[in-house]
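K.L.:
Structural data only, the sequence is not supplied:
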């Protein structure tokens, strides 16, 4: 499954959970992060896509690490990350 599709579904799910609010400076979106599909794993009994997230802007609320996204619901299942203020791409 293409990374673009996974990210699109994840963002749609986040928007639904947040009442379709506008993106903010800390949303898990392409405006704030670069994403890399690392593969798939089972996490907490759920089949997941594993993505590396790398912040593209300097913001104390952004993080760097990995996320697990449910393959069925495209919901965020797990995060392993650290504050990324010193790990910015630009």
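P.N.:
Here it is on my side, so go on. Because the structure is a prediction, the values reported are computed rather than measured.

K.L.:
So the nearest residue to residue 34 once chain neighbours are set aside versus residue 37, what's the distance?
P.N.:
Distances taken as C-beta to C-beta, 6 or more residues apart in numbering place residue 54 nearest to residue 34, at 4.5 Å, with adjacent residues excluded. Bear in mind the C-beta positions are built from the backbone N, C-alpha and C, glycine included. Per C-beta to C-beta, to the nearest Å, residue 54 is found 13 Å from residue 37.

K.L.:
Okay, and the residue nearest the centre of the chain sits in which element?
P.N.:
In the chain, the C-alpha nearest the mean C-alpha coordinate belongs to residue 28, at 4.9 Å (C-alpha atoms, centre = their mean). Residue 28 belongs to no helix or strand when elements are defined using DSSP states H and E.

K.L.:
try residue 64
P.N.:
Secondary structure (DSSP H and E) places residue 64 in strand 63-70.

K.L.:
Report all helices and strands that that strand contacts.
P.N.:
The contact analysis (3 or more C-beta pairs under 8 Å, 6 or more residues apart in numbering; DSSP states H and E) places strand 63-70 against strand 33-43, strand 46-55, strand 76-83.

K.L.:
Apply 10 Å and report the result again.
P.N.:
Under the contact criterion of 3 or more C-beta pairs under 10 Å, 6 or more residues apart in numbering; DSSP states H and E, strand 63-70 touches helix 3-17, strand 33-43, strand 46-55, strand 76-83.

K.L.:
sorry, back to before: and the gap between the residue nearest to the centre of the chain and residue 49?
P.N.:
13 Å.
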